[in-house]
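*Asks:* This is the structure alone, sequence omitted:
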């Protein structure tokens, strides 16, 4: 017999301030492993930045500080990020490390192609910025851009470099290597998806070779190759070289049949010639040189991989800067936001469904053997979050065929702390929350993305973290992400075989959601949602999916785990757990006794007994225990006839609609189809992938 858990009432969750920290970390010998992570850090910028850019574009004529001011604020710290402007806003109080001893003397600009640099004289140059005039004694300082070397003057004009950094660079206080690495995302880093990672063999393969081997269709390969061409260069996953389209065709890296289409896509980087001018994608759209459909697709890829390309200066620009410099407009930004919400222009080779390019980038892994972004292909789904896997694979090494999580890569010094934090923000968004319901304040870590939740107090009591660990977090020496990953790696939750269906796993958002939310999102019909909540109530209480804790119906209403209509219809189900009350008596009656005394309808009572039988045993409300069927029969909780009916599966009602297959199923079949959540040990039913993904 198992002891019953009392129903618990939650407190209101309050989001507290997130502790952030950006520390330079890692070893010199592993520095080269971090180069490609800047590309992955941009994957969440599509959804966030496109939404924000509508507002930012309207301020094009206002006197706002340029992005160069922000980027240059802390160049002595490595700023490889998914948005230099975002990082700098959070770095005003962060410690930083001098990088002059850590960074290589010269950046690794290109393994193969060296694009010509503009020539200039040696006279001191004078230029204006949004702040003051800048005087440089050495106008030969250059960095490697997308297709050529870029002068400091051009970087200032592009609002990527501010006055202070330019002068420090001119005086030798900062090195070209430091600035190159800090602005790498906007300059020459490889930010596109380079190829496939074959999960079965743990090998990488180019898109061109994948077509030859019949792994993907040529049309799918062309989409990915066009994305490479439109964001900088074509990538060779074997030699690690970066090539123009013509060079790639000459070397046999891409099929000749793709040449014309790729040359057109490449113009998004080299520019469109028109009346003696070199136009960007947006400007080409405005001049009717390309269609709006083509332009939207090219802009989507550029946004996902780091910014809008300014072909004249051969750099990428943040969206706000692109708006100010006429490489994007308010109307186009609004169109992008509206169109990209409906049309998904790239095909996921694994599912054959339309997705956004940024969504594909989120699924990618980084190959340390070449620093490439690779899209996993196969049935293992190593990078796809699931309820039964605590962490996904984010880092691979195709030379050694090893696969590790992001946190493990950080602990083993394969990646620096800054890169680890940036990539973690793509996968999870941990926040600290508080619960003030039970006479004190309890602290939780909550992942906004997946719906996971950890109690800091319980973790401390259970020894999953030490007081020293907690003090480091409170003092700001480790971040909320590190503390959460520490808890995840140290938390082993066994599957609960007596768990009812606790919630729904939404594969579209890769998160745990409540039954009610699944109904609101049309992943469940109302009747199925009611039956699932009824099963929770009659077996211990309504379940909060992030924690696995149970609550009374009244508390579940308060915290939006059910609505009033469902609550009214399942009131008796809670009595099946806590006991039915005989008028004039204080004795709590079991469901079987309530059936005998006509306190509950026959069909409803048998359903309660069936649900309890399937999830651990019948409830004795007076002893606060659950009993297997044989023990329940011996203790008078059920008679022989009722026991036989409970054991006869043909008598089980098929009153649920499977959220994935849409078949009519019984509750026992639902339990068999469910997956155990590695975080709570509870069962979750997986919903269907939405079919409204247009391509």
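*Replies:* Received it, and whenever you're ready, just let me know what you need. Quick caveat, the model's predicted, so the values are computed rather than measured. Residues are numbered from 1 along each chain as shown.

*Asks:* which ones are touching residue 647?
*Replies:* Shown here is residue 647, whose contacts under the criterion CB atoms under 8 Å, 6 or more residues apart in numbering are residue 629. To be clear about C-beta, it is placed using only N, CA and C from the backbone, and glycine gets the same treatment.

*Asks:* And the pLDDT at it?
*Replies:* Note on residue 647: pLDDT of 93.

*Asks:* what about it, distance to residue 668?
*Replies:* Separation of residue 647 from residue 668 (CB to CB, to the nearest Å) stands at 11 Å.

*Asks:* what about stretch 662-673, distance to the chain center?
*Replies:* Centroid displacement of stretch 662-673 relative to its chain, using CA atoms, centre = their mean, to the nearest Å, is 30 Å.

*Asks:* Contacts for it, please.
*Replies:* Residues from elsewhere that reach stretch 662-673, judged by CB under 8 Å, 6+ apart: 500-501, 531-532, 535, 610-611, 614-615, 649, 652-658, 660, 683, 685-686, 688.

*Asks:* Span of it from start to end?
*Replies:* Counting by CA to CA, to the nearest Å, the length from the leading to the trailing residue of stretch 662-673 is 13 Å.

*Asks:* what number of residues lie near residue 245?
*Replies:* Counted by other CB atoms under 10 Å, the residues lying close to residue 245 total 27.

*Asks:* Can you check what pLDDT the model gives it?
*Replies:* The predicted structure scores residue 245 at 97 on the pLDDT scale.

*Asks:* Just give me the neighbour total for the closest residue to residue 259 other than its chain neighbours.
*Replies:* Nearest-residue entry for residue 259: residue 249, 5.1 Å, with adjacent residues in sequence omitted and distances by CB to CB, 6 or more residues apart in numbering. Neighbour count of residue 249, defined by other CB under 10 Å: 19.

*Asks:* try residue 270
*Replies:* What residue 270 shows, counting by other CB under 10 Å, is a neighbour count of 18.

*Asks:* I'd like the distance between it and residue 542.
*Replies:* Counting by CB to CB, the separation of residue 270 from residue 542 is 59 Å.

*Asks:* Spit out the contact partners of residue 511.
*Replies:* 385, 449, 450, 451, 505 are the contacts of residue 511 under CB under 8 Å, 6+ apart.

*Asks:* Would you format those residues as a markdown table with distance to residue 597, pLDDT and neighbour count included?
*Replies:* Output for the contacts of residue 511, formatted as a markdown table (distance: CB to CB, whole Å; pLDDT from 0 to 100; neighbours: other CB atoms under 10 Å):
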| residue | distance to residue 597 | pLDDT | neighbour count |
| --- | --- | --- | --- |
| 385 | 49 | 89 | 20 |
| 449 | 49 | 86 | 17 |
| 450 | 46 | 88 | 20 |
| 451 | 42 | 88 | 24 |
| 505 | 41 | 96 | 27 |
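
*Asks:* Which two of those have the greatest separation?
*Replies:* 449 and 505 (13.2 Å; CB to CB).

*Asks:* Tell me which residues of stretch 587-599 come out buried.
*Replies:* Residues of stretch 587-599 classed as buried under the neighbour-count rule (16 or more other CB atoms under 10 Å) are 588, 589, 590, 591, 592, 593, 594, 595, 599.

*Asks:* Distance check, the first one against residue 624.
*Replies:* Relative to residue 624, residue 588 is positioned 10 Å away (CB to CB).

*Asks:* Next: residue 468.
*Replies:* The span separating residue 468 from residue 624 equals 39 Å under the rule CB to CB.

*Asks:* before we move on, what about residue 353?
*Replies:* Taken as CB to CB, the spacing of residue 353 relative to residue 624 amounts to 49 Å.

*Asks:* try residue 436
*Replies:* Per CB to CB, residue 436 is found 28 Å from residue 624.

*Asks:* Look at these two and report which has more neighbours.
*Replies:* residue 624 (16 against 12).

*Asks:* Quick check: phi and psi at the more buried one.
*Replies:* When quoted as degrees, to the nearest 10, the phi and psi of residue 624 stand at phi 50, psi 50.

*Asks:* One more: residue 519?
*Replies:* Geometry field for residue 519 lists phi and psi as phi -70, psi -40, criterion degrees, to the nearest 10.

*Asks:* Let me know the pLDDT of the residue lying closest to it once chain neighbours are set aside.
*Replies:* Leaving aside its sequence neighbours, residue 519 sits nearest to residue 529 (CB to CB, 6+ apart; 4.1 Å). Confidence at residue 529, expressed as pLDDT, is 98.

*Asks:* quick one: contacts of the one helix or strand residue 529 maps to?
*Replies:* Secondary structure assignment for residue 529, by DSSP states H and E: helix 526-537. Taking contacts as CB under 8 Å, 6+ apart, the residues outside helix 526-537 that touch it are 500-502, 515-516, 518-519, 524, 542-543, 550, 553, 561-562, 566, 569-570, 573-574, 576-577, 607, 611, 615, 655-657, 659, 667, 670, 685.

*Asks:* From these, which land in strands?
*Replies:* Judged by DSSP state E, the subset of these located in strands is 501, 502, 542, 543, 550, 656, 657, 685.

*Asks:* Tell me the one of those nearest residue 491?
*Replies:* residue 502 (17.0 Å).

*Asks:* tell me the contacts of that closest one?
*Replies:* Residue 502 touches 536, 543, 545, 548, 677, 680, 682, 683, 684, counting by CB under 8 Å, 6+ apart.

*Asks:* For my notes, please list these in CSV and give neighbour count for each entry.
*Replies:* Converted to CSV, these look like this (neighbours: other CB atoms under 10 Å):
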residue, neighbour count
536, 29
543, 29
545, 27
548, 19
677, 27
680, 25
682, 23
683, 25
684, 23
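
*Asks:* picking that back up, return the closest of the contacts of residue 511 with respect to residue 379.
*Replies:* Residue 379 lies nearest to residue 385 out of the contacts of residue 511, by CB to CB, at 16.0 Å.
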